[in-house]
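Undergrad: Pasting the sequence and the predicted model now:
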Amino acid sequence: MRGGLVGVATAFCVFVGGAGQAVGVEGADDAVAYRMAAGAIAVRGSAGSTDAPLLKAGASTYTDSLKPGERKYYSVELDAQSSAYVSAVAVPTPGVTMGLRDGIDVSLQAADGTSCGAGRHRSFLSAGGAYPVADYAERIVKAGGPCGAAGVYRFVVERGDAGGGDGSAVPVELKYTAEPAQKGEADGPTAPGTWTSQAPSRLPQGEGEPITGGTGFNDAAELRAGAWKDELRPGETRFYRVSVDSGEQLFADAEFGLAQRSGPFVVSGVRVGLSNAARGYVMNKTGPYQGKPTTVSLATPPAAYGSGNGGEAARGMRFAGWYYLQVSLNPKVRQATHDGRVPVTLRVDVAGARKADQGFGKAQGGGVGGELVAAAGTRKNERMRVIGYAGIGTGTALLVGLGAWTLIARRRDG
């Protein structure tokens, strides 16, 4: 497995929490640990490809744990019409040091071992404090694609080498999401040309409305377009969710404020990550921190079902639905704080995608930052793509039944 860099931190004990329980012992600074889904089902993955426990698609969430170097198998039943996304969230205790080659790999296989798509690797990013990491293995329904037949398939999760880091078992959260195929469309609508990563207007300003981020995917705090303020302890990751429609881009700045005193220069002191509605990886951004204000920014490709061929970020933006911002603070930042907290202001906007050569001009339509209204093109077969399950975390439906999505078309220059 590929590795990351080692961070320096205090080790804590790890345990697999029950339904709704945190999965680590909080440290001296009371960094809040990841909280598993309420009602999550404990399973034990098999060491071989036989007798693997069944993960059912839908609202059910499952928990297990992985020791260093351990590989576990789970089974999933796939039909011949739905795309499948089986995810794993691996959760080191806040503040621990992880090994150079530690992380998780996920893959989906047919009974004969045939891969259903590219396997995914996620490092624990221990240079920045051993954050929770998440990604999925997928089976996309398309003509001539692999694993197209209905049947029982294997989901495989493997942990890396913990050498030089914490050797405790790492809790994992598992979920299987199915997306019904859309009739009359091969790969769905595609994103408009070459997109720009520059926001169409200045991000929302002001001091920000107070908010407390969640511990994980299950209790992520909802953000609308605007400015929001929170505070993080060293070693902590807070989760927020933002609704992104088809053809829209998400823009976000995380402004980490002034600490009480100047501390050591921490190369990966602050971090902003993003995952999609099925817990798939979209992107990860880090920045240095020395107790002085600093900002980490991200801009996504447009959310569009057919955008999976443009790299990891485009692959991750293939749905309309909730997108999960993760904001983290390196445990080494602790030396720059007196009370163990650093303020952070989140500035968030969602806007219709624009071509890279499109100029700013006057945006039409409403919403913060504006949303460009279609000037040409057809609306035939243009539908919102949403993840086919409800009941994430608190039981909130995930944008199911939202109706036709706004077509974002090319706008003529001038």
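TA: The structure has been received and is ready for your questions. Being a predicted model, the structure only gives us computed values, none of them experimental. Numbers count the residues shown, from 1 in each chain.
Undergrad: all helices of the chain, in order?
TA: 312-316 (DSSP state H).
Undergrad: Where does the prediction get shaky in it?
TA: The chain contains residues with pLDDT under 70 at 1-29, 126-129, 182-195, 200, 305-310, 337-339, 354-414.
Undergrad: Could I get the contacting residues of the spatially most central residue of the chain?
TA: Centroid-nearest residue in the chain: S275, 1.6 Å away (criterion: CA atoms, centre = their mean). If a contact means CB atoms under 8 Å, 6 or more residues apart in numbering, then S275 has 134, 217, 281-282, 316, 323-324, 326 as its contacts. Any C-beta I mention is one placed from the backbone N, CA and C, and that applies to glycine too.
Undergrad: Show me those residues that map onto strands.
TA: Using DSSP state E, the subset of those located in strands is 134, 281-282, 323-324, 326.
Undergrad: what's near enough to touch V242?
TA: Contact analysis of V242 by CB under 8 Å, 6+ apart lists 222-224, 250, 252, 322-325, 348, 350.
Undergrad: how many neighbours does the nearest residue to G216 once chain neighbours are set aside have?
TA: Using CB to CB, 6 or more residues apart in numbering and skipping the chain neighbours, the partner closest in space to G216 is Y34 (4.4 Å). Number of residues near Y34 (other CB atoms under 10 Å) recorded here: 27.
Undergrad: if I look at A88, how far off is L223?
TA: A88 is 25 Å from L223, where distance means CB to CB, to the nearest Å.
Undergrad: higher neighbour count, these two?
TA: The neighbour comparison of A88 against L223 (other CB under 10 Å) goes to A88, with 29 against 21.
Undergrad: residue contacts, the more buried one?
TA: Per CB under 8 Å, 6+ apart, neighbours of A88: 104, 106, 134-136, 157, 172-174.
Undergrad: Mind doing that once more with 10 Å?
TA: 62, 64, 66, 72, 74, 104-106, 120, 122, 133-137, 155-159, 172-175, 279 (CB atoms under 10 Å, 6 or more residues apart in numbering).
Undergrad: before we move on, what about S328?
TA: Contacts for S328 (CB under 10 Å, 6+ apart) come out as 94, 125, 128-132, 232, 234-238, 254, 268-273, 284, 286, 296.
Undergrad: rerun at 6 Å
TA: S328 sits next to 131, 237, 271 when contact means CB atoms under 6 Å, 6 or more residues apart in numbering.
Undergrad: Which members of those residues are positioned in strands?
TA: Within the contacts of S328, residues falling in strands by DSSP E are 237, 271.
Undergrad: Export the contacts of S328 as TSV, with columns for distance to G151 and neighbour count.
TA: Converted to TSV, the contacts of S328 look like this (distance: CB to CB, whole Å; neighbours: other CB atoms under 10 Å):
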residue	distance to G151	neighbour count
Y131	35	28
T237	37	26
R271	40	24
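Undergrad: ok so, going back, please report how far the residue nearest to the centre of the chain lies from A314.
TA: S275 is 15 Å from A314, by CB to CB.
Undergrad: now swap in R341 and tell me
TA: Counting by CB to CB, the gap from R341 to A314 is 36 Å.
Undergrad: Then A278?
TA: A278 is 15 Å from A314, where distance means CB to CB.
Undergrad: Then I140?
TA: As judged by CB to CB, I140 and A314 stand 14 Å apart.
Undergrad: Next: F265.
TA: Taken as CB to CB, the span from F265 to A314 is 34 Å.
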